[in-house]
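Novice: below is the structure, and that's it, no one-letter string:
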């Protein structure tokens, strides 16, 4: 609402959205061509070209002509359109886990009754579902035996398995200082104001302002975000007790008044 951009959360496991931006551009260029051409927008095509080159360069060092594939959880995924479109833009095949198999320490793609080696996997499947042998045994989305191939260096998986740890919202309060120390510069975009409850001062602030903050668990497996203002007095008391019992598992965040755009019908 203030006109600022702020980061609400990070997506490092299987980030989506770039294709939606591209598709929006294409629609706008047809619906409002005059405004579109006057806006002097930066082109998005160089981003996808750089992405394609980066994926090819990520192949194991001994591979001269690497085969890259996009691994999708399937058509029921909420970002299935994004996955299909990015595969089309990059010129790589879009596959599901059942299209791949592991033989002799390598990942292979089933193609017309034969097997072809795969060198790089652009994954759009969360880490825990990637290997039924070593991770979730009930998974049908990944490739059984994939982890061993990654360890042996016969295939590259991007983003790296385990990169989802960086989605932890408890990192947000520390990003400004981390950026200064590691890159000697300020963050380009600020994060939403966040307090990690593992810190005593932050815990006190969260508990004293529970009715005006959003409470989030630091990992997906420990519940959903809760807006304090939407809770009854009893529910708020229960939430406070839950935070006190394990403060390190929660963060509190400011409630943003999001921007809006006028529309007409």
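Specialist: Alright, I've got the coordinates. Predicted model only: the values in this text are computed from it and were never measured. Numbers count the residues shown, from 1 in each chain.
Novice: just give the nearest non-adjacent residue to residue 8, would you?
Specialist: residue 192 (5.3 Å; CB to CB, 6 or more residues apart in numbering). In short, each C-beta sits where N, CA and C put it, glycine included.
Novice: the one you found touches residue 172, doesn't it?
Specialist: Yes. Between residue 192 and residue 172 there is a contact under CB atoms under 8 Å: 7.3 Å.
Novice: tell me the residues that contact both of these two, please.
Specialist: Counting by CB atoms under 8 Å, 6 or more residues apart in numbering, the common neighbours of residue 192 and residue 172 are residue 7.
Novice: who's more crowded, those two?
Specialist: Higher neighbour count among residue 192 and residue 172: residue 172, with 22 against 15, using other CB atoms under 10 Å.
Novice: quick one: the strands in the stretch 1-150 of the chain?
Specialist: Listed in chain order, the strands of the stretch 1-150 of the chain (DSSP state E, counting those that start in this stretch) span 68-71, 94-95, 100-103, 106-111, 114-118, 120-123.
Novice: tell me the SS of residue 211?
Specialist: The three-state label given to residue 211 by DSSP: H, G, I helix; E, B strand; the rest coil is helix.
Novice: and it, how far from residue 89?
Specialist: Distance, residue 211 to residue 89, by CB to CB, to the nearest Å: 46 Å.
Novice: show me which of those two is the more surrounded one.
Specialist: residue 89 (18 against 12).
Novice: out of the strands of the stretch 1-150 of the chain, which one sits most buried?
Specialist: Burial of the strands of the stretch 1-150 of the chain is given as mean neighbour count (mean count of other CB atoms under 10 Å); strand 120-123 ranks first at a mean of 26.
Novice: just the residues contacting it, thanks.
Specialist: Contacts to strand 120-123, defined as CB under 8 Å, 6+ apart, come from residues 13-14, 55-56, 58-59, 66-71, 86, 90, 92, 107, 130, 155-159.
Novice: report the contact partners of the residue nearest to residue 63 when sequence neighbours are not counted.
Specialist: Spatial nearest neighbour of residue 63, chain neighbours left out: residue 119 (4.9 Å); criterion: CB to CB, 6+ apart. By CB under 8 Å, 6+ apart, the residues touching residue 119 are 59-60, 63, 66-68, 155-156.
Novice: confidence score at residue 119?
Specialist: Residue 119 is assigned a predicted lDDT (pLDDT) of 98.
Novice: torsion angles phi and psi at the residue nearest to residue 8?
Specialist: Note on residue 192: its backbone torsions stand at phi -60, psi 140 [degrees, to the nearest 10].
Novice: can you tell me how far it is from residue 157?
Specialist: Using CB to CB, one gets 30 Å for the distance from residue 192 to residue 157.
Novice: can you check residue 91 too?
Specialist: From residue 91 to residue 157 the distance is 19 Å (CB to CB).
Novice: those two: who's more crowded?
Specialist: More neighbours surround residue 157 than the other of residue 91 and residue 157, with 22 against 9 (other CB under 10 Å).
Novice: any idea how many residues pack against the closest residue to residue 193 other than its chain neighbours?
Specialist: The spatial neighbour of residue 193 that comes closest, neighbours along the chain excluded (CB to CB, 6+ apart), is residue 254 at 4.2 Å. A total of 14 residues lie near residue 254 under the criterion other CB under 10 Å.
Novice: many thanks, I have nothing further to ask.
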